[in-house]
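Asker: Got a predicted model here, sequence first, then my questions.
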Amino acid sequence: MSSFGVVHADTANDDPYIWLEDVQGDKALNWVKQQNDASLAQLKAHASYQQVFDNTLAILNDKERIPYASERAGYYYNFWRDETHVRGVYRRTTFEEYQKVSPKWETVLDLDALAKQENENWVYKGMDCHYPAYQRCLLSLSRGGADATVVREFDITTRTFVKDGFSLTEAKNAISWFDENSVFVGTDFGPGSMTDSGYPGVVKLWQRGTALSEAKTLYTADKQSVSAAGYTAYDGDKAYHLIYDGTSFYTSDMYLMHEGKQVKLPIPNDADVKGLNNGKIFIALKSPWKGFSQAEVIYTDVNDLIANKARFKSFIKPTEQVSIKGINFTKSAILVTVMEDVKNKVYRYSEQADGQWQIKQIGFPETGTVSVFNTDTDKDDFFVNYTDFLTPSSLYLVSGDDLKITKLKGAKSQFDSSQYVAEQRFATSKDGTKVPYFIVHAKNMKHNGKNPTLLYGYGGFEVSMQPYYSASIGKNWLEQGGVYVLSNIRGGGEYGPRWHQAALKENRHKAYEDFEAIAEDLIAHKVTSPKHLGIQGGSNGGLLVGAAFTRRPDLYNAVICQVPLLDMKRFNQLLAGASWMGEYGNPDIAEQWDYIKTYSPYHNLDKQTDYPKVFFTTSTRDDRVHPAHARKMVAKMKAMGHDVLYFENMEGGHAGAANNEQRAMVSSLSFAYLMDRLQ
């Protein structure tokens, strides 16, 4: 067994900007206000800023955008924000009304009224209603958009909070229904109850009418686990109670509560349980197992699994070019969404009497992103959303009988898409891997190396970047002569687990090499040149662009680095950072820090290097990625004499903004910055 050397140096003592980690400290907040004032003065002075802001706010508040709804007990529920409902309104209607151009909605909960009444900065975080009546709901509210929530029980029928109902004070809570009168609950129960990542590690069963302190402990995870939670899965009228222990970001142990015992599911710890359907449990593999291949979806009888007599069968086996994006269950069929070279297809699988599967493709264009949602195990009809770079989202109802497609709603076009073309290209990375990317540009674009070009990337956590319609990019960038590029670099999920795993830990540099290969491909084809090329990414994508400009400052002239990770020496000690060691490695282990330090942006800054003028954005209320990553990077760069811009939203959480005005402002600052740097 190999032994690892542990880095013992107190990095806090070596870091002159450690004081910026004090999120709400007076000294830190005064520094933030100074940076904000200076940057806002510059960016809002740009000739295009006000027009971009007006465009963006109008798009966000557009009454004609699609009111996506989920069906529960005969009603269609939707959460809606606009200029009169800044915080939002939770509302419902009937299916008959929902099909109309302007449905009549009935208000269930007005967040603006609630926030005013309670003098709280509430941001809506979701409503979990108990199946099948869907009358009692667990409402999650966040102060200013943080991940931490307050939970209260709400009665949909009376539209009131339940007297003496389930409620939790502010914490990173995990709560879900066990049955009508009890819930699984994980919260901060006191010392030792939260994991090192800051999430609940103890799962309890809490009965209605009793104090939280009386809740019965069902499961306790190790401190090193990311989180633990309980949930209930339904297969028809049968309820299965499960406990999940996220032992790392990519591994978990699953337990099924059966006859008073917790039966550990005998499946690989990196596999995902996709759901239950007609007595079968479906598992997606991330690694080869028992003769099945990586990324294959397999199934077995759930009772056989409980009895440890499982005989798994293959359900669907992906190929090199095809990955499985989603599996949804209807009453008598299974819907499988696949991605082939980053473009979607949807198939319906129906089991026949002989145990074979009848497979039919649903007839949507194969050039964009198809999303199946709002499926119900009580019915066979389902909803599908379709979009691509030049086609606004459209909502369709698909009949479970004959797969007939009916368009219900379509968002209006916000720019003249007939003037533009979207195409897929492939760049060759340093190790020879072909890396796809999408490029959207004017049909009459000149290949003269002078087109202002924005390259967007993420490249992590098996998240796929797919074609989507953005009215603000169309209006504020394409119409101004810009080119938009979406990268599909390794670390993402575009080709399934193998694409993600190719850029983990010591191979992280491959994601960055892929990104650089796309930038160089754009330059080689004279789409743009370094002077006119900008890059953008958020969260893990913020780390991507941070690494990009410190590795190759010569390639870019604009960098938008949003809610980023940048200090990779301390990322695991800040907020939820410990949960991401499965992605990046552990910087406290010397051998792992050896490869992390080669790209950690905060540690690769150089006083003599000529960097582009970077625009960093973050949020004070972000309790997932610590704002100190961006704060310290800016302080260090300024001390070295580098010119940078910084904006920290004092509200808004990890998503960056808490209402549409804030969203419009943050977005408009970015477009003003790009126009200033790249045109």
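Answerer: Received it, and whenever you're ready, just let me know what you need.
Asker: I'd like to know the phi and psi angles of the nearest residue to residue 493 once chain neighbours are set aside, please.
Answerer: By the measure of C-beta to C-beta, 6 or more residues apart in numbering, the closest residue to residue 493 outside its immediate chain neighbours is residue 462, 3.8 Å from it. C-beta: built from backbone N, CA, C; applies to glycine. Phi and psi for residue 462, reported as degrees, to the nearest 10, are phi 60, psi 30.
Asker: What is the neighbour count of residue 462?
Answerer: Counted with other C-beta atoms under 10 Å, residues neighbouring residue 462 total 19.
Asker: swap in residue 172?
Answerer: Using other C-beta under 10 Å, residue 172 has 22 other residues around it.
Asker: Now for it: which residues touch it?
Answerer: Shown in contact with residue 172 (C-beta atoms under 8 Å, 6 or more residues apart in numbering): 147, 148, 149, 187, 188, 194, 198, 199, 200, 623.
Asker: Quick one, grab the pLDDT at the last one.
Answerer: Residue 623 is assigned 79 on the pLDDT scale.
Asker: in the helix or strand hosting residue 96, what's buried?
Answerer: Secondary structure from DSSP states H and E places residue 96 in helix 95-98. Of all the residues in helix 95-98, those buried under the rule 16 or more other C-beta atoms under 10 Å are residue 98.
Asker: Report the separation between residue 414 and residue 648.
Answerer: Residue 414 is 29 Å from residue 648, where distance means C-beta to C-beta, to the nearest Å.
Asker: More neighbours: which of those two?
Answerer: A direct count of neighbours by other C-beta under 10 Å for residue 414 and residue 648 places residue 648 higher, at 25 against 21.
Asker: So the more buried one sits against residue 627, correct?
Answerer: Yes. At 6.1 Å, residue 648 counts as touching residue 627 under the criterion of C-beta atoms under 8 Å.
Asker: Mind listing the shared neighbours of those two?
Answerer: Counting by C-beta under 8 Å, 6+ apart, the common neighbours of residue 648 and residue 627 are 618, 619, 620.
Asker: How many residues are close by the residue nearest to residue 244 when sequence neighbours are not counted?
Answerer: Using C-beta to C-beta, 6+ apart and skipping residues adjacent in sequence, the residue nearest residue 244 is residue 229, 5.3 Å away. Using other C-beta under 10 Å, residue 229 has 22 neighbouring residues.
Asker: hang on, residue 229 in a strand?
Answerer: Yes. Under DSSP: H, G, I helix; E, B strand; the rest coil, residue 229 falls within a strand.
Asker: can you pull the pLDDT of residue 362?
Answerer: Here the pLDDT value assigned to residue 362 is 96.
Asker: What about it, how many residues nearby?
Answerer: By other C-beta under 10 Å, the residues close to residue 362 number 18.
Asker: Could I get the contacting residues of it?
Answerer: Contacts of residue 362 by C-beta under 8 Å, 6+ apart are 335, 346, 347, 348, 370, 384, 398, 403, 405.
Asker: Make sure the residue nearest to residue 244 is actually in contact with residue 200.
Answerer: Yes. Using C-beta under 8 Å, residue 229 is in contact with residue 200, at 6.8 Å.
Asker: who touches both of those two?
Answerer: 174, 186.
Asker: tell me which residues of the helix or strand harbouring residue 595 are tucked away?
Answerer: Using DSSP H and E, residue 595 sits in helix 590-596. Buried residues in helix 590-596, defined by neighbour count with 16+ other C-beta under 10 Å: 592, 593, 595, 596.
Asker: thinking the last one is in contact with residue 583, fair?
Answerer: No. Applying C-beta under 8 Å as the test, residue 596 and residue 583 come out as separate, 11.0 Å apart.
Asker: Domain-wise, how is this structure divided?
Answerer: With domains defined by automatic domain parsing, the chain comprises 25-57+414-678, 328-411.
Asker: got a list of what the residue nearest the centre of the chain touches?
Answerer: By C-alpha atoms, centre = their mean, the chain has its centre lying nearest to residue 463, at 7.7 Å. For residue 463, the contacting residues are 492, 493, 540, by C-beta under 8 Å, 6+ apart.
Asker: Does it fall in a helix, a strand, or a coil region?
Answerer: Under three-state DSSP, residue 463 comes out as coil.
Asker: Tell me the spacing between it and residue 499.
Answerer: For residue 463, the distance to residue 499 (C-beta to C-beta) stands at 11 Å.
Asker: Just give me the closest of the shared contacts of residue 648 and residue 627 to residue 125.
Answerer: Minimum distance to residue 125 across those is 15.2 Å, recorded for residue 619 (C-beta to C-beta).
Asker: May I ask which two of the buried residues of helix 590-596 are separated the most?
Answerer: 593 and 595 (7.7 Å).
Asker: what residues do the two have in common as contacts?
Answerer: With C-beta under 8 Å, 6+ apart as the test, residue 593 and residue 595 both reach residue 585.
Asker: Which helix or which strand is home to the nearest residue to residue 125 once chain neighbours are set aside?
Answerer: In this structure, residue 125 finds its nearest non-sequential neighbour in residue 140, 3.9 Å apart by C-beta to C-beta, 6+ apart. Using DSSP H and E, residue 140 sits within strand 136-143.
Asker: Dump that strand to CSV, keeping only the CA atoms.
Answerer: Taking C-alpha atoms only, strand 136-143 is exported to CSV below (Å, rounded to 0.1, in the frame of the first residue of the first chain):
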residue,chain,number,x,y,z
ARG,A,136,-49.0,19.0,1.6
CYS,A,137,-45.7,20.5,0.4
LEU,A,138,-42.3,21.3,1.8
LEU,A,139,-41.4,24.8,0.7
SER,A,140,-37.7,25.8,0.6
LEU,A,141,-36.8,29.5,0.8
SER,A,142,-33.3,31.0,0.7
ARG,A,143,-32.1,34.3,2.0
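Asker: by contact count, what packs against that strand?
Answerer: strand 122-129, strand 149-155, strand 174-179 (3 or more C-beta pairs under 8 Å, 6 or more residues apart in numbering; DSSP states H and E).
Asker: Serialize these to CSV and add fields for mean neighbour count.
Answerer: Formatted as CSV, those follow (neighbours: other C-beta atoms under 10 Å):
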stretch, mean neighbour count
strand 122-129, 19
strand 149-155, 20
strand 174-179, 19
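Asker: how many neighbours does residue 131 have?
Answerer: Counted with other C-beta under 10 Å, residues neighbouring residue 131 total 16.
Asker: isn't it right up against residue 176?
Answerer: No. Judged on C-beta under 8 Å, residue 131 makes no contact with residue 176 at a distance of 10.9 Å.
Asker: Give the partner strands of the helix or strand following the helix holding residue 595 in its sheet and their orientations.
Answerer: For helix 590-596, the following helix or strand on the C-terminal side (DSSP H and E) is strand 614-619. Using DSSP bridges, the strands paired with strand 614-619 are strand 558-562 (parallel), strand 645-649 (parallel).
Asker: what's the closest of the ones you listed to residue 215?
Answerer: Nearest to residue 215 among the strands paired with strand 614-619 is strand 645-649 (36.2 Å), distances taken as C-beta to C-beta.
Asker: name the helices or strands packed onto the helix or strand following that closest one?
Answerer: On the C-terminal side of strand 645-649, the closest following helix or strand by DSSP H and E is helix 660-678. Helices and strands touching helix 660-678, by 3+ C-beta pairs under 8 Å, 6+ apart, are helix 26-44, helix 49-60, strand 453-456, helix 471-476, strand 533-538, strand 558-562, strand 614-619, strand 645-649.
Asker: Out of those, indicate the one that is most buried.
Answerer: Ranked by mean neighbour count, the helices and strands packed on helix 660-678 are led by strand 614-619 with a mean of 28 (mean count of other C-beta atoms under 10 Å).
Asker: Many thanks, we can stop here.
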